[in-house]
Structures are given as C-alpha cells and as structure tokens.
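A.B. asks: Need coordinates for the following:
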Amino acid sequence: RFKGAYPDIIRVIVLTNTSRGYKMALHQGYPCGVSKGGVDMSETIPEKKIQPRRKIRDEKERRDLLNRLKRIEGQVRGLQRMLEEDAFCPEILTQASAVNSALNSFCRVLLTSHLRTCVSEDIRAGREDTVDELMDVLQKLMK
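C.D. replies: Predicted coordinates:
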C-alpha cells in the first residue's frame, strides 16, 4: 500500500505471476470501501503485463552453464541411487558435499558474468536500483 498526492485514497499494487510473466493491477479506493462524495473510487485500472527481465548469453556461456547443471543433475541422481541402494551415510554425505560445491561453483560463475555484464551496464546507464537488486541476490546466496 502506498499513499500518493491524495492521502485519503489508498492504492494497492497487486503482482500476479503467470506462465507468461507478471501481471500488475492497481486497485485504488478509500479505506474500508468508503467512497467520498458518493463517487466509487474502487475501480481497478486495467492490468499491465510486466515482462521478466532477460539476459542474452552467447552460445559458449550458455553451453558451459548447461553442462555444469547437467553434471550436477547427474550427481543428484547418483545421490538418489546411493540412497536407494542403502549406501553408508558418510559416502552419501561426501557425495552431497560434492553436489553442494558444484552448485556453489555454478553460482559463482553466473554471478561473475552478471557483475561483468548486466550490473556494470545498468550502473553505466544510471540505474541505481541495480545495486539494491544485487544486494538482495547476494543476501539470498549467503544464506
């Protein structure tokens, strides 16, 4: 919720994730459905589609990242197989540690690419919110 130029009108932005991206709707009105001067202010402004941001990668970078993920996928399948075959716990834990390390390495490579391309381009273009977005991503990675 946020208040704009008319402090007694409440505006609520609703984002809905769909298979084709995000849809945004702005609902506005007076608190508790009360209208001022007999005018109903609870109309919904037509929804706008917000397209998710995309990154065009060169073929080599895409292939390298996909190969890393496929190796990780194979390692996870190996973990499942070990569990199904009643492998000894330390062996499963060692393999799980290897999967975790491989996934961290994937994230490092992707983050490096993101910093060198997307972040630096956005900062040069004056998009200061990119730093906040980067901080949110780093916060999630460090959990």
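A.B. asks: can we go C-alpha only for contacts and neighbour counts from here?
C.D. replies: Noted.
A.B. asks: pLDDT below threshold where in the chain?
C.D. replies: Within the chain, the ranges that satisfy pLDDT under 70 run 1-50.
A.B. asks: Run through the strands of it in chain order.
C.D. replies: Per DSSP state E, the chain has strands spanning 10-18, 21-29, 44-50. These are given in chain order.
A.B. asks: give me the number of residues near G74?
C.D. replies: G74 has 13 neighbours, counted by other C-alpha atoms under 10 Å.
A.B. asks: Buried ones in stretch 93-101, by neighbour count?
C.D. replies: Buried residues in stretch 93-101, counted by 16 or more other C-alpha atoms under 10 Å: 95-96, 99.
A.B. asks: and these as TSV, adding distance to L141?
C.D. replies: As requested, the buried residues of stretch 93-101 are exported to TSV (distance: C-alpha to C-alpha, whole Å):
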residue	distance to L141
Q95	21
A96	18
V99	16
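A.B. asks: Now, those residues that are in helices?
C.D. replies: 95-96, 99 (DSSP state H).
A.B. asks: Show me which of those residues is closest to E128.
C.D. replies: E128 lies nearest to V99 out of these, by C-alpha to C-alpha, at 35.2 Å.
A.B. asks: From E61, how far off is the closest one?
C.D. replies: For V99, the distance to E61 equals 21 Å [C-alpha to C-alpha, to the nearest Å].
A.B. asks: same check, this time on S97
C.D. replies: S97 is 25 Å from E61, by C-alpha to C-alpha.
A.B. asks: With F88 instead?
C.D. replies: 37 Å.
A.B. asks: Those two: which is more packed in?
C.D. replies: Legend: neighbour count by other C-alpha under 10 Å for F88 and E61, higher for E61 (13 against 10).
A.B. asks: OK, contacts around that one?
C.D. replies: Counting by C-alpha atoms under 8 Å, 6 or more residues apart in numbering, E61 makes contact with nothing.
A.B. asks: same deal with R124?
C.D. replies: Contacts of R124 (C-alpha under 8 Å, 6+ apart): none.
A.B. asks: what's the answer for R62, then?
C.D. replies: Counted by C-alpha under 8 Å, 6+ apart, R62 has zero contacts.
A.B. asks: Perfect, that will be all.
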